[in-house]
Each structure stands twice: as C-alpha cells, then as structure tokens.
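> For reference, the sequence and a predicted model appear below.
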Amino acid sequence: MRRLRKGRERRAGFTLLESLVVIALIALGASVASQLLRPRSGRLRLETSAQRFCETLRASRARAIATNSDASIVVDLSSKTYTSPIGPPGKFPAEALITLEVANTQQLTTRSGAITFFPDGGSTGADMTLQTPEARARIGVNWLTGSAKCEIS
C-alpha cells in the first residue's frame, strides 16, 4: 500500500516551466524556418553581385601584375554573366538592368565587352551600372591605375 504525504497529492501532467520551454523552442524553430524560406531581397542580390564583380576585377588586376601578362574579364549583357581568368564565371541578378561602357577596342559585340588589365597595373577602363528597383550599383575601372571603384546606393 502506498502512502501519500500529508497535504500533497501527486498529479500527472506538465509543469508551467516545461510548457514554456516547449513553446519557446517552437517559436525559435518557426522564426528560423521563416528566414530560410523567405527569398533574398533584390537589394541584397544586387549588392552581393556587385561586390563579387569588384573582387574579380581587383583579383584580375593583381594576376596581371603577378604573371606579367594581360588579364581580361568578358561581360555578356545578354546572359548577364562574366568570365575571368580567375575563378568560375559569375552572374548578375536576372532582374538587373546593366549598362557597360568600355573602350571601342574592347567592344566584342553589341551585347558584350571586355575589361583588360595590363602588367603595369593599368587597364582599358570601364564604367558599368547595375540597377534593380531596390538599388543601384556603379562600378568604375580607372584606365590609368586599373583600380576598381564600387558604389552601391
């Protein structure tokens, strides 16, 4: 025969603290899941793409200086991609409007052009604009110094 303590009965169920912990874990899981399922913003896609392109420009310039040979980046406005001697091809956001101004000798087709870096650090120069409804990026390559300047607004 079991004995019960005076004035205390044991009840089945969950305590308030256990229930609060379970609710907090469910809320944490839901907030993480909502962030993973939400698409990235257009501004973030544009910023990421512009920064990667600027990194590629700077790395290509460094490669031209280090290897004492020309390094060219080809930008294709039709497919919104670019290729370089370093790394895999890059992509610009599909919704971006892109304008590219390069030297006449670097205009490959009406929808593509190249930016070439020379062993002395110089380049053929370029001005590029990426624009989405949420943001705008301006990328400039100085022809004399070969330095790349990226502004996102």
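Arrived safely.
> wait, isn't residue 101 in contact with residue 115?
No - counting by CB atoms under 8 Å, residue 101 sits too far from residue 115 to count as a contact (10.6 Å). Yep, even glycine has a C-beta here, placed from its N, CA and C like the rest.
> quick one: common contacting residues for these two?
Common contacts of residue 101 and residue 115 (CB atoms under 8 Å, 6 or more residues apart in numbering): residue 126.
> More neighbours: which of those two?
residue 115 (29 against 13; other CB atoms under 10 Å).
> give me the low-pLDDT residue ranges for this protein?
Along the chain, the model assigns pLDDT under 70 to residues 1-10, 38-40.
> And the helices in it, which stretches?
Per DSSP state H, the chain carries helices over the ranges 16-37, 42-67.
> In CSV, list these along with distance to residue 151 and mean neighbour count.
Shown next, in CSV, are those (distance: least, CB to CB, whole Å; neighbours: other CB atoms under 10 Å):
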stretch, distance to residue 151, mean neighbour count
helix 16-37, 28, 10
helix 42-67, 9, 18
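> Among these, which comes closest to residue 74?
Between residue 74 and the helices of the chain, the tightest spacing by CB to CB is seen for helix 42-67, at 10.9 Å.
> helices or strands up against the closest one?
In this structure, helix 42-67 makes packing contacts with strand 71-76, strand 90-91, strand 112-117, strand 126-131, strand 136-141, strand 148-152, judged by 3 or more CB pairs under 8 Å, 6 or more residues apart in numbering; DSSP states H and E.
> Residue 83 is nearest to which of the ones you listed?
Closest approach to residue 83 among the helices and strands packed on helix 42-67 is made by strand 71-76 (5.0 Å; CB to CB).
> For residue 55, see how far away the most centrally placed residue in the chain is.
Among the residues of the chain, the one closest to the centroid is residue 48, at 2.0 Å (CA atoms, centre = their mean). Per CB to CB, to the nearest Å, residue 48 is found 11 Å from residue 55.
> picking that back up, nearest approach to residue 41 belongs to which of the helices and strands packed on helix 42-67?
strand 148-152 (13.0 Å).
> ends of stretch 74-86, how far apart?
End-to-end span of stretch 74-86 (CA to CA, to the nearest Å): 12 Å.
> Contacts for that stretch next, please.
Applying CB under 8 Å, 6+ apart, the set of residues contacting stretch 74-86 from outside is 53, 56, 59-60, 63, 71-73, 89-94, 96, 98, 100, 108, 111-115, 128.
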